[in-house]
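1. no FASTA, just this:
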C-alpha cells in the first residue's frame with residue numbers, strides 16, 4: 001500500500017457462483033444478471049459477479065497538456081453463469097461505445113455505484129468466453145477513499161498511476177476487486193520525449209506520427225489495483241537481480257541525484273536476494289521501479305513487478321514495497337478488511353531487512369517499540385477488523401500488524417516462523433486469502449491452539465496483555 005515515503009490466479013469458481021446467486025448444477029436456469037457487488041464490507045459497491053476476467057488489453061492515448069486520456073479497454077472474460085446482463089466497475093471519462101464479442105451492446109452508466117451495466121446482444125452461456133470492449137475519452141479524475149489520491153493522477157508533464165485500493169476504475173473499466181486477477185497488456189501512446197512505464201516487460205517502443213507507443217505485457221495475473229501506466233520524462237536504466245531477474249528502473253531526471261543519495265533503488269538486487277532466501281523465490285519474471293519528483297504526493301505503492309515512488313526512496317522503503325511482491329501481489333486478499341495481511345507482513349519484512357543490514361533496530365526491538373505506544377487510539381484499531389475506510393490504512397494496521405508477526409515469532413520460534421512464512425507464500429498463491437486461513441496455518445505449523453494470542457493481537461481494541469507479548 002501507499003506508505004509515507006519515509007516510513008495466480010482467478011477467483012474460485014464456487015465463490016463467483018455464490019456472488020451470482022447461481023447454484024452449481026443449475027445450467028438449465030434462465031439467463032440472469034450477474035451480481036453488481038462482491039459484498040466487500042469496506043467497499044460494498046465494488047466487484048461484479050457472473051464472470052471471471054482472464055485478460056485486460058488497454059489501448060490508450062494520453063495527452064498531458066490537455067490531461068486527456070482516450071482509447072479502448074478490451075476485456076476477455078469467462079462467464080460463470082448464464083448471463084443476461086453484467087456490470088463493470090468504472091468511474092472514468094465519457095464512454096462512446098461498448099461491444100460484446102464484436103457486436104454493439106446497450107450500456108447504462110450507473111453513477112451512484114460507479115458501474116457500467118451492459119446487456120449483451122445475446123445471452124452468454126455459463127463457461128463461455130466473451131470479449132467486451134469499451135471506448136472512452138476525456139479527463140480522468142482520481143478519487144480518494146483511503147487518504148491520498150488514488151487512480152490516474154495527472155501531473156504537469158505526465159501522470160502518476162497508483163490505484164490502491166479502488167482507483168483503477170478511474171482510468172479503465174474492469175472488475176475492481178483484489179481477488180479477480182488477470183493478465184494485462186498496455187499499449188499507450190504519448191507525445192514524443194515522454195516515456196510510459198507499466199507492469200511486466202516492455203515489449204516495444206514504436207515512434208509514430210502522433211507520438212510514441214509503448215507496449216507493456218504482464219503475463220502473470222495481477223489485481224486491478226496493482227496495474228500502472230506511469231507517464232513522464234525518465235532516465236531509464238537496467239540491471240540484473242538474483243537468478244538473472246531483469247530490473248528496469250525509470251527515474252525522473254529531477255529526482256536522479258536524490259535517488260543516488262538515498263540508495264534505495266541501488267539496493268534492489270540485495271533486497272530481492274534477502275527476501276528470496278527468507279520467503280521463497282521471487283514471484284515474478286521482472287522487477288524495478290518508477291521514481292517521480294512529486295514529493296508532495298508522499299507515497300510509495302507496490303505496483304506488481306514495478307513499485308512506484310513519488311520521490312527518491314531509501315532502502316527501507318524499497319524493502320517494504322518489494323516485500324509486497326510476495327505478500328499482497330502474489331498472495332492476494334479476498335477482502336479489503338484483511339489488509340493487514342499485506343501491510344503487516346511488508347512492515348515486518350522491512351524491519352527484518354533493516355536489521356539484517358544493520359540499518360536500524362532488531363525486529364524484537366521494533367516489537368518493544370510498538371508496545372511502548374500509549375496512545376489509546378492506536379490500540380483501539382484492530383488490524384484484522386478495521387471498522388471503516390479511515391481505519392483501513394491506519395498506522396496500527398502496519399505496525400500492530402508487524403508486531404503481531406514478531407510476537408508470533410517469539411512464541412513459536414524462528415524456525416517454525418520461517419516455515420510459516422514460506423508455506424503461506426507457497427500454498428496461498430492460487431486463491432484469494434483471509435486472516436482465518438493464516439491463523440489456521442499458523443496453528444498447524446505451531447502444533448497448538450493460538451486463538452487467545454490472535455484474538456489479543458488482531459481483534460481486540462486494546463493493548464495485548466503481557467502474557468501475549
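-> Here it is on my side, so go on. All of these numbers come straight from a predicted model, not from anything done at the bench.
2. list the buried ones in stretch 455-469?
-> Within stretch 455-469, the residues that count as buried by 16 or more other CB atoms under 10 Å are 456-458, 460, 463-464, 468-469. In this view, the C-beta of every residue, glycine as well, is placed from N, C-alpha and C.
3. likewise for stretch 245-253?
-> Going by neighbour count (16+ other CB under 10 Å), the buried part of stretch 245-253 is 245, 247-252.
4. kindly report the same for stretch 412-428.
-> For stretch 412-428, burial by neighbour count (16+ other CB under 10 Å) applies to 412, 416-417, 420-421, 424-425, 428.
5. which of those residues sits closest to residue 31?
-> Nearest to residue 31 among the buried residues of stretch 412-428: residue 428, at 34.1 Å, using CB to CB.
6. which non-adjacent residue is nearest residue 54?
-> Nearest residue to residue 54 in three dimensions, chain neighbours excluded: residue 76, at 4.8 Å (CB to CB, 6 or more residues apart in numbering).
7. my bad, residue 141
-> Here the nearest residue to residue 141 in space, its sequence neighbours aside, is residue 170; by CB to CB, 6+ apart that works out to 6.4 Å.
8. from the buried residues of stretch 412-428, which land in strands?
-> Among those, no member falls in strands (criterion: DSSP state E).
9. tell me which of these is nearest to residue 121?
-> residue 428 (39.6 Å).
10. got the contact list for stretch 391-407?
-> If you take CB atoms under 8 Å, 6 or more residues apart in numbering as the criterion, stretch 391-407 is touched by 1-3, 7, 42, 146-147, 165, 336-337, 339-340, 343-345, 347-348, 350-351, 363-364, 366-367, 370-371, 373, 378-379, 381-383, 386, 417, 453-454, 457-458, 464, 468-469.
11. shouldn't residue 49 be in contact with residue 39?
-> No. Using CB atoms under 8 Å, residue 49 makes no contact with residue 39, being 9.4 Å away.
12. pick out whichever of these two has more residues nearby.
-> Set side by side, residue 49 and residue 39 show more neighbours around residue 49, with 26 against 14, by other CB atoms under 10 Å.
13. so how far is residue 417 from residue 424?
-> Counting by CB to CB, to the nearest Å, the gap between residue 424 and residue 417 amounts to 11 Å.
14. and for residue 229?
-> In terms of CB to CB, residue 229 sits 38 Å off from residue 417.
15. one more: residue 369?
-> From residue 369 across to residue 417, the span is 19 Å (CB to CB).
16. same check, this time on residue 154
-> Using CB to CB, one gets 44 Å for the distance from residue 154 to residue 417.
17. now do residue 186
-> As for residue 186, its distance to residue 417 is 38 Å (criterion: CB to CB).
18. kindly report the same for residue 242.
-> Computed as CB to CB, the residue 242 to residue 417 distance reads 23 Å.
19. re the thing from before, got the buried residues of stretch 455-469 as JSON lines, with secondary structure and distance to residue 288 columns?
-> Supplementary listing: those in JSON lines, determined by DSSP: H, G, I helix; E, B strand; the rest coil; distance: CB to CB, whole Å:
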{"residue": "456", "secondary structure": "helix", "distance to residue 288": "40"}
{"residue": "457", "secondary structure": "helix", "distance to residue 288": "35"}
{"residue": "458", "secondary structure": "helix", "distance to residue 288": "33"}
{"residue": "460", "secondary structure": "coil", "distance to residue 288": "40"}
{"residue": "463", "secondary structure": "coil", "distance to residue 288": "40"}
{"residue": "464", "secondary structure": "coil", "distance to residue 288": "39"}
{"residue": "468", "secondary structure": "helix", "distance to residue 288": "40"}
{"residue": "469", "secondary structure": "coil", "distance to residue 288": "39"}
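20. now those residues in a markdown table, with pLDDT and distance to residue 299?
-> Conversion of the buried residues of stretch 455-469 to a markdown table gives the following (pLDDT from 0 to 100; distance: CB to CB, whole Å):
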| residue | pLDDT | distance to residue 299 |
| --- | --- | --- |
| 456 | 98 | 31 |
| 457 | 98 | 27 |
| 458 | 98 | 26 |
| 460 | 98 | 30 |
| 463 | 97 | 29 |
| 464 | 97 | 30 |
| 468 | 94 | 33 |
| 469 | 91 | 32 |
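21. pull the most distant pair out of those residues.
-> When the buried residues of stretch 455-469 are compared pair by pair using CB to CB, the maximum separation belongs to 458 and 469, at 14.2 Å.
22. what about the helices in the stretch 201-350 of the chain?
-> 256-262, 268-279, 315-326, 340-356 (DSSP state H, counting those that start in this stretch).
23. list the buried residues in the last one.
-> Translated: helix 340-356. 340-356.
24. roughly how far is it from the heart of the chain?
-> 17 Å (CA atoms, centre = their mean, to the nearest Å).
25. could you check the pLDDT of the residue sitting nearest the centre point of the chain?
-> Compute the mean C-alpha point of the chain, and by CA atoms, centre = their mean the closest residue is residue 226, 3.6 Å away. What the model reports as pLDDT for residue 226 is 98.
26. who's in contact with the residue nearest to it when sequence neighbours are not counted?
-> With CB to CB, 6+ apart as the criterion, residue 226 has its nearest non-adjacent residue at 4.1 Å, and that residue is residue 304. Going by CB under 8 Å, 6+ apart, residue 304 touches 199-200, 218, 220, 222-223, 226-227, 284, 325, 329.
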